[in-house]
Structures are given as C-alpha cells and as structure tokens.
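Trainee: make a model of this:
(chains A and B)
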Protein chains: 2
Amino acid sequence: MTSLAMIEAAAVRLSGHARVTPLLNAPLLDRLAGRRVFVKAECLQWTGSFKFRGGWSALTALSPELRAKGVLAYSSGNHAQGVALAASRLGAPCVIVMPADAPGVKIANTRAYGAEVVLYDRVKDDRDAIGAALAAERGLTLVKPYDDAQVIAGQGTAGLEIARQAAEAGIGGADVLTCCGGGGLTAGIALALETRAQGLRVRPAEPAGFDDTARSLASGRRERNAATTGSICDAIVTPSPGEITFPILQRLCGPGLVVSDEEALRAMVLAFQHLRIVVEPGGAVALAAALFRQDLPGTVICTASGGNVDVAVFRDCLERFGGNPWP
Amino acid sequence: MTSLAMIEAAAVRLSGHARVTPLLNAPLLDRLAGRRVFVKAECLQWTGSFKFRGGWSALTALSPELRAKGVLAYSSGNHAQGVALAASRLGAPCVIVMPADAPGVKIANTRAYGAEVVLYDRVKDDRDAIGAALAAERGLTLVKPYDDAQVIAGQGTAGLEIARQAAEAGIGGADVLTCCGGGGLTAGIALALETRAQGLRVRPAEPAGFDDTARSLASGRRERNAATTGSICDAIVTPSPGEITFPILQRLCGPGLVVSDEEALRAMVLAFQHLRIVVEPGGAVALAAALFRQDLPGTVICTASGGNVDVAVFRDCLERFGGNPWP
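Mentor: Numbers count the residues shown, from 1 in each chain, chains lettered A, B, ... in the order given. Next up, the predicted model:
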C-alpha cells in the first residue's frame, strides 16, 4: 500500500533523474476558460510522459539482483517508454509487451530506448497472460503500469511538485484534474495532496465511452468499459480501475469528469497556441475538462500527462480545429 | 551600458512575474545530433517568448510617473506581446507599432493583451519614425526591442538561469547558441555568462540571407542585410546588429552560425517530436544549428526563443518534414 513516506522516498530516488516539470498557465487561456487554468506539463518529462517517474521508482526499488535479471512491462506506449528508458539508464534488460495498434511513435521510441518489443492484438490476446508467461520464462520482474505500489509512489512525486508549485503560485484551493487510465497517476497525486495540499481535491478525467473510473466512483465498485478500443485517447484506455488504485481513488477523489474525443483534440490545439506544448489526446482530457466544463471552481490545475502523438494525428487535429479551437 | 548588476537587479524585479523556463533535453535527440543538446525553452515563457523578460524589466525600471503616461514599442510580434502584457499587468497604457505582414497570431495576441496596435508597411514605412512621432505626440516612453540597456538586462536574466541550470546539469563547458535578431537576448545572455559561467561561450545563430550579425562579427563593423523581408524567421529579421548590443557581441560572442529556412523547419519538427514544445521558425534557428552543424563541441545549449507560430505554418511544417525530419 503506497504511503506518503513511499512517495517521498521515491522523490529522493528520482531527484536528478526525473525532470521537475513546470506548472504552466497563460492569461489568454484563462480568459477563454473563464477561470484560472494551471497545467502540470508532464509532456515535458523524460520520454514525454509522467510514466518515467513510476518506471524509475519501481526499478530503483528492486534489489540489484532482480534488476540485473531484467524487467518486463505491458503498455500501450507511455509506460513502455518510461520503463524502457529507466531500464536502459540502470543497465537492466527490458522486454515490453505492446498492442500492435499503439501509435507508431511510441513503438519506435520504446525500441530506440533499447527495449525488446513484443507486439500483441488488443482484442484477441490477453496482455497479462503474455506478460506473465514471458516473466516466468526469463526470470523478469513484471512492472505493472498502475497496480504497483512503487509505480504509484513514483507518479505521486508529480503530486508533491504540484503541492509545492501551487503554494508558490498562491493557489490555496483548486480542483486537480488528472488524465485517468488505470489510476496510477491519479492515486499517486491524490495521496501526495492528501497531506501536502489539503485545499486541492483530485478529480479524474476520462474520454467518453471509457469512463470506467467515473462510473466506478459513482457506483462504489469497479466497473468495466464495454469496449477495449475505439478512443483516440489510447494512453488512458484501460478495462477498469486498478485493484490497488481504486480504493485510493474512492477515498480521496471524484466525482469523475468525461470529455469527448473532439474536446480532447480542441484542448490539444489550445495547448499548442497558448502554452506552446505538444499534448497527445489521452494527455489532453484533463485540460479539456478544465476548459470546457462549467461546474468547476475558479482555479483548476490539470495534468498534461503525455505528449507522444504521431505527426499525422497532430496535423489532422490542427487541420480540423486550428482555425476555431474554442467550441 | 548593461552590467551584471543590472541583470541581477532585473532578475529581482522579474522574480514571481516571469517564468523560470526549463532547460530541456532528450536522449533520442542527443543520439540523432551526435552530441548533448540542451534547450532553454523560452517558448514556455509568458507570451510565448523571452521578450516578456525585457518588457517587464524596462517597464519596472521606469518612474511611476512615466509608466502612468504609457509606453510604445515597435515589433514584429514577440516584443510587442511581451511589452503589451507587462504594460497590462502594470496598468500602463500601451501602443504597439507592428508590420502589417506580422503573423496573425502575434497581432491578435498583442491586441488581446490590451495594447493599441498600429500597423505599418515593412518595405515602405520607417517604423522608427512612426514610433518616435507617436511617442512625442502622446508622451509615451519608447521601449526599443534591443537597443535599450534595461531590455538587455531583462533578457540577460535568461542567462543567469542558464548558468545555474547548466551547473545543476553538470555542464562545465558548452557553446550557447542564441536565436539572434538585433542582439538583445544574445548580449544579455553573454553578459550574464561572462561572470557566472565562464565555460559557456555564446554564438549567435541566424537565418541565411539575414546573417547581419555573423557578417558583422567577421568584419568588425555593423553590416546590414540586403533585404528586410523574405525569411520565414520573422522574429529575428532585423536590418543590422544594434548600436548598444554589437559592442557586447563583439567582445563576448562568435563566430556566428547560419542555417537555412528548411533547417529551421526541420528543427521545429524535431522539437515537436522529442521535446514536445512548439517553436516558431525564428525561435528554432539555434536548435537547427545545434543539430545540423558539425563544428560544435560535445555539449551545446541553445535557446528556443519563441513559440508564436500560426497554425497553418506549423501544419505545413509537419506536412513537409514530419515524415523524415532529419536531413
């Protein structure tokens, strides 16, 4: 079970290895939104997403013996890259199991960081089974994308930074919107803020049709999504909230927010224009909620959790919404 | 004459008002370049460029009486926005004289920050004459884009940050490449590094055909460009190095580096892919030189000095070079 002490210990291990990402904002964006919107730009993190935090945290928590045998991760791409770069820097062998339909840039970068990539079919295959078999066969340690206490602790270091940066910016109270897949980032940030910034409440944001967390928080039990593919927000399409993450979310977070794919794409354009950052669709859902939802307080902090987007997707996004991004 | 003490005083005035921008890098970009490339991401600065530093520095150096009468600036867009936002936050009236062919986003944003915009023809009109007449008529104080000691001091605060961030990253020696127009940023950074980071040498980068600074450093006198328009790098097309800036550049900087418009566009794509930042053409020339020139040391720091690029320009850039950005 992840604790604040574990997050603080992870922060010590990450210091000098992960980037302290800036908390960005822009007067003209605030004016459009009608509220103050701060963006924790995790797209500027190593490997282009917050996942490097969890990867580094998990790998540095392993014994040197286990680390030397190697690690394995399954991921649509951002966890893959985070674990792959951490493994490469720590000299650990690394196998990544990725869906064959993951964005090309994520597959290519995971290989470029030195990992062995094994592709699977997202509809037909069971990635957990594939991962478990490979781990057993080669003696690899499985680094799960969210249901891992040290991964959650690593993601929680972003929460420690948010607490400090919000205080520096004079933000006493705010909703903190997270891009939520399995809930590792959301749980980690919520645990950090629980003690470090009690005026900041975490609310997970998800794409329409893949709002398992919002529905689970409403019903009080882990709901599943009907589909496993079909959103442009590939990074945060997971079947259901995690076993470890959900009780944390239930205790500290909610209610959930849901945005359309189009709103995520519009948020990407507005981030391009006003913050000059590149955000991928799944990393833009929290910003989309911050900009386009009415029932939020005067100040909102949101994670721009990843920026690994194929050139063609970004170009199409500018083509469709660049002329008039505000709906 | 700008001194280190003036830069340090400007840094005090800017503290809490300008953003400390991150020094970014990416392992896969380093691998492509064959050297370590660090990017001072001034595109993440307020108003999307380093110009807010100089604007804030100049306006806060004025007496309250002069500031209350108002300020005037002439600029292709980034200085305009920097001065306009600083004036708006400080409650000073503000008139900006801009070329009619400046990027639409820069004109629109300057107006959105609350400034009165006066457009002129870059070929037929003399912006200095227009600015001087308006200043005299309304009692406005002219804030020049680079030939102003307090503006140079403000831009120099980026140099103080580079010195500190380079030390934190363990960089002892490096070339520091700047995107150079009139030389305000280049001179300011060079003055800061002269004392604070003696292993870092500044080299200005410019677009081909508008390499007045490189030629001036080579000849020892202020050379002029043949044309006043014709580069995609609008932000840094100036007729010649400044009167105040050039002696500083001559003493501390060089030799200059020159890149093609195509190289600047390719650097924009690589910044998009590997650093997840949005850089405008004129803000990408230093990165282009860092990536594509052979005669540089193992570690290079460059400024990504602005990110105010029209959607259509960025989309075309991704269209042309997104598939294969490395030349």
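Trainee: quick one, helices of the stretch 51-200 of chain A?
Mentor: For the stretch 51-200 of chain A, the helices defined by DSSP state H, counting those that start in this stretch cover A:51-61, A:64-69, A:78-90, A:104-112, A:127-138, A:149-168, A:184-196.
Trainee: so which of those helices comes closest to chain B?
Mentor: helix A:104-112 (5.3 Å; CB to the nearest CB). Yep, even glycine has a C-beta here, placed from its N, CA and C like the rest.
Trainee: what packs against that closest one?
Mentor: helix A:78-90, strand A:94-99, strand A:116-120, helix B:27-33 (3 or more CB pairs under 8 Å, 6 or more residues apart in numbering or on different chains; DSSP states H and E).
Trainee: which of the ones you listed is buried the deepest?
Mentor: Of all the helices and strands packed on helix A:104-112, helix A:78-90 carries the top mean neighbour count, a mean of 28, counting by mean count of other CB atoms under 10 Å in any protein chain shown.
Trainee: any residue of that helix up close to chain B?
Mentor: Yes: contact of helix A:78-90 with chain B (CB under 8 Å from any CB of the partner chain) involves A:Leu85.
Trainee: stretch A:176-183 now?
Mentor: No: judged by CB under 8 Å from any CB, stretch A:176-183 makes no contact with chain B; its nearest approach is 14.7 Å.
Trainee: can you give me the end-to-end span of that stretch?
Mentor: Its start and end residues considered, stretch A:176-183 measures 14 Å (CA to CA, to the nearest Å).
Trainee: and it, average pLDDT?
Mentor: For stretch A:176-183, the mean per-residue pLDDT is 97.
Trainee: and for stretch A:103-111?
Mentor: Stretch A:103-111 comes out at a mean pLDDT of 89.
Trainee: buried residues, that stretch. List them.
Mentor: Within stretch A:103-111, the residues scored as buried using 16 or more other CB atoms under 10 Å in any protein chain shown are A:103, A:105-107, A:109-111.
Trainee: for these, give me JSON lines that also has distance to B:Gly34.
Mentor: Shown next, in JSON lines, are the buried residues of stretch A:103-111 (distance: CB to CB, whole Å):
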{"residue": "A:Pro103", "distance to B:Gly34": "27"}
{"residue": "A:Val105", "distance to B:Gly34": "21"}
{"residue": "A:Lys106", "distance to B:Gly34": "24"}
{"residue": "A:Ile107", "distance to B:Gly34": "24"}
{"residue": "A:Asn109", "distance to B:Gly34": "18"}
{"residue": "A:Thr110", "distance to B:Gly34": "22"}
{"residue": "A:Arg111", "distance to B:Gly34": "19"}
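Trainee: what about A:Gly230, which SS state?
Mentor: coil (DSSP: H, G, I helix; E, B strand; the rest coil).
Trainee: would you check how far apart the nearest residue to it once chain neighbours are set aside and chain B are?
Mentor: Among residues not flanking A:Gly230 along the chain, A:Gly209 sits closest, at 6.5 Å (CB to CB, 6 or more residues apart in numbering or on different chains). Distance of A:Gly209 to chain B, computed by CB to the nearest CB, to the nearest Å: 26 Å.
Trainee: phi, psi of A:Gly209?
Mentor: Main-chain dihedrals, A:Gly209, degrees, to the nearest 10: phi 90, psi -20.
Trainee: around chain B, which positions in chain A sit nearby?
Mentor: Counting by CB under 8 Å from any CB, the residues of chain A near chain B are A:19-22, A:24, A:26-28, A:31, A:41, A:43-44, A:46, A:48, A:85, A:105, A:109, A:112-113, A:269, A:272-273, A:275-279, A:307-308, A:311-312, A:314-315, A:318-319, A:322-323.
Trainee: out of those, which are buried?
Mentor: Buried by 16+ other CB under 10 Å: A:19-22, A:24, A:26-28, A:41, A:43-44, A:46, A:48, A:85, A:105, A:109, A:112-113, A:269, A:272-273, A:275-279, A:307-308, A:311, A:314-315, A:318, A:322, out of the residues of chain A next to chain B.
Trainee: looking at the residues you listed, which are in helices?
Mentor: In this view, those that belong to helices under DSSP state H are A:27-28, A:85, A:105, A:109, A:112, A:269, A:272-273, A:311, A:314-315, A:318.
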